[in-house]
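S.K.: Sequence and predicted model, in that order:
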Amino acid sequence: MISISKLLNEGDLDKIFHIKGVLIVDDEKRNQKDILSDIRALPAITVVRNVEMEQDPTSRYFRSKLEIKVDPYPYAKQNKFDSETTLKTITDGIRNIPGVIGFKEQGTPYSTQD
């Protein structure tokens, strides 16, 4: 017998998940382009759209809005996909990249069909 949670997870595999948030980086520690490259290298991230925001000229921190698309395949391949846990793993991965001061999600992640 197949569990309901397994069926729900299998249904999620055909979807692309979207995360939106504000990224804050310390441009003096590390170049923003390098940080964005590291974000794109995280497993399951397929697209990162970077939208510049108005900056505080007195701050050394650089803020931008990110729109991220996540394909669950790399996690599903290892039987480790659970949409809530996986998306949290990805956002935690962004926060742990050297030079990232913070990443604050805006709204709830959502999914769309391929």
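M.R.: Perfect, thanks for sending it. Residues are numbered from 1 along each chain as shown.
S.K.: any idea of the mean pLDDT in stretch 39-57?
M.R.: In this model, stretch 39-57 has an average pLDDT of 92.
S.K.: Check stretch 102-114 too.
M.R.: Stretch 102-114 shows a mean pLDDT of 86.
S.K.: How about that stretch, which residues are buried there?
M.R.: Applying a neighbour-count criterion of 16 or more other Cβ atoms under 10 Å, one finds 103, 105, 109 buried in stretch 102-114. All C-beta spots, glycine's among them, are computed from the backbone N, C-alpha and C.
S.K.: Surely the second one touches Ile90?
M.R.: No. Checked against Cβ atoms under 8 Å, the pair Glu105 and Ile90 is beyond contact range at 10.6 Å.
S.K.: Now do the strands in this protein.
M.R.: With DSSP state E as the criterion, the chain has strands at 15-26, 45-52, 61-70, 100-105, 110-113.
S.K.: Make a markdown table from the ones you listed and add distance to Thr86 to it.
M.R.: Formatted as a markdown table, these follow (distance: least, Cβ to Cβ, whole Å):
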| stretch | distance to Thr86 |
| --- | --- |
| strand 15-26 | 8 |
| strand 45-52 | 11 |
| strand 61-70 | 8 |
| strand 100-105 | 14 |
| strand 110-113 | 12 |
